[in-house]
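# Structure of the sequence below:
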Amino acid sequence: MHIRPFLLFTTMVFLPLAHAQGAETHAVTAASSQKTDATNKTNNPVPAAADADYVIGPQDVVRIDVWKETEISRTIPVRPDGKISLPLLNDIQASGLTAVQLGKAIHDGLTKYLTNPEVTVTVTEINSRRVYITGEVARAGAFPLLPNMTVLQALSSAGGFTQFAKTKSIYVLRNDAGKQVKHPFNYKEVVKGKNQEENVLLQPGDVIVVP
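Predicted coordinates for the structure are as follows:
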C-alpha cells in the first residue's frame with residue numbers, strides 16, 4: 001500500500017500508437033498528475049483524427065496503469081459483456097465509458113484498499129469499431145472504422161473491384177433498431193460527384209456489399 005498526496009485527472013492525451021496487419025490501434029489516455037509510460041507501439045501510425053471522447057466497446061483492449069502497483073497494472077481486453085476484471089475490484093464495467101471515466105471508476109474502487117491511487121487508462125486497440133466489405137473486391141474482410149469514414153473511403157481500403165463487380169448496385173447493410181436496412185450506393189455516380197447523399201457516414205457493424 002502506497003500513500004500519495006493527491007490524484008488529479010486531467011485531459012485526454014493522444015499517443016502515436018498503431019495497428020498491426022489491418023487492425024487499427026488508437027490511443028486515448030486518461031492521464032493522472034503522475035506521468036506514466038503508455039507507449040504500446042506497433043508498426044504503423046494511427047490517423048491523427050482520433051476522437052478524444054471515444055467510448056470503449058467490447059473487444060477493445062485497454063492498458064490499466066496504477067502507479068507503483070504492478071500487480072494491478074495490466075493490458076486487458078474488454079469482454080463481450082463489456083466488463084474487465086482487475087485484482088481487488090473483480091469485474092468492473094468498461095464498455096460505454098471513455099478512458100477518463102473508466103480511470104475514475106477504477107480509482108474510486110481502489111480507494112477502499114489504497115490511499116489516493118493514481119490511475120492511467122489507455123485504449124491500445126480499438127476492435128469494437130469495424131466495418132465489413134464483402135463481394136467482388138480484391139480484399140474482402142473487416143476494416144477499422146475511422147472517424148467520419150464514408151462508403152467511398154471504406155471501399156478504397158478494399159484494393160479495388162474485380163472485373164465482375166456491379167459497381168452501380170453496391171449497397172450498405174445496417175442494423176437499425178434490430179432491423180436490417182439497405183442503403184444503395186452507386187459507385188459510378190458518386191465518383192462523378194452525383195448522388196452524394198448515398199455516400200453516407202458509416203457506423204460500427206455496417207456491411208458494404210459489392211455484388
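# Just list whatever residues bridge to I170.
Going by DSSP bridges, I170 is paired in beta bridges with F185.
# same thing with the one 10 residues further on?
Going by DSSP bridges, Q180 is paired in beta bridges with N175.
# cool, and T150?
Assigned bridge partners for T150, using DSSP bridges, are L201.
# F185 versus that one, what's the distance?
T150 sits 10 Å away from F185, going by C-beta to C-beta, to the nearest Å. Using the backbone N, CA and C atoms, a C-beta is placed for each residue, glycine as well.
# between the two, what contacts are shared?
Contact criterion C-beta atoms under 8 Å, 6 or more residues apart in numbering; residues bridging T150 and F185 by contacting each: N199, V200.
# Comparing the two, which residue is more hemmed in?
Using other C-beta atoms under 10 Å, the more surrounded residue of T150 and F185 is F185, with 23 against 17.
# So the more buried one sits against Y171, correct?
Yes. Between F185 and Y171 there is a contact under C-beta atoms under 8 Å: 5.9 Å.
# Show me the common contact partners of those two, please.
In contact with both F185 and Y171: I208, using C-beta under 8 Å, 6+ apart.
# ok, the closest residue to E125 other than its chain neighbours - contacts?
Nearest residue to E125, sequence neighbours excluded (C-beta to C-beta, 6 or more residues apart in numbering): V61, at 3.8 Å. When contacts are counted by C-beta under 8 Å, 6+ apart, V61 touches T75, I76, P77, V78, V123, T124, E125, N127.
# so the last one is in which element?
Element membership of N127, judged by DSSP states H and E, is empty: it is in no helix or strand.
# pLDDT score for the residue lying closest to it once chain neighbours are set aside?
Leaving aside its chain neighbours, N127 sits nearest to Q59 (4.1 Å; criterion: C-beta to C-beta, 6+ apart). At Q59, the model reports a pLDDT of 89.
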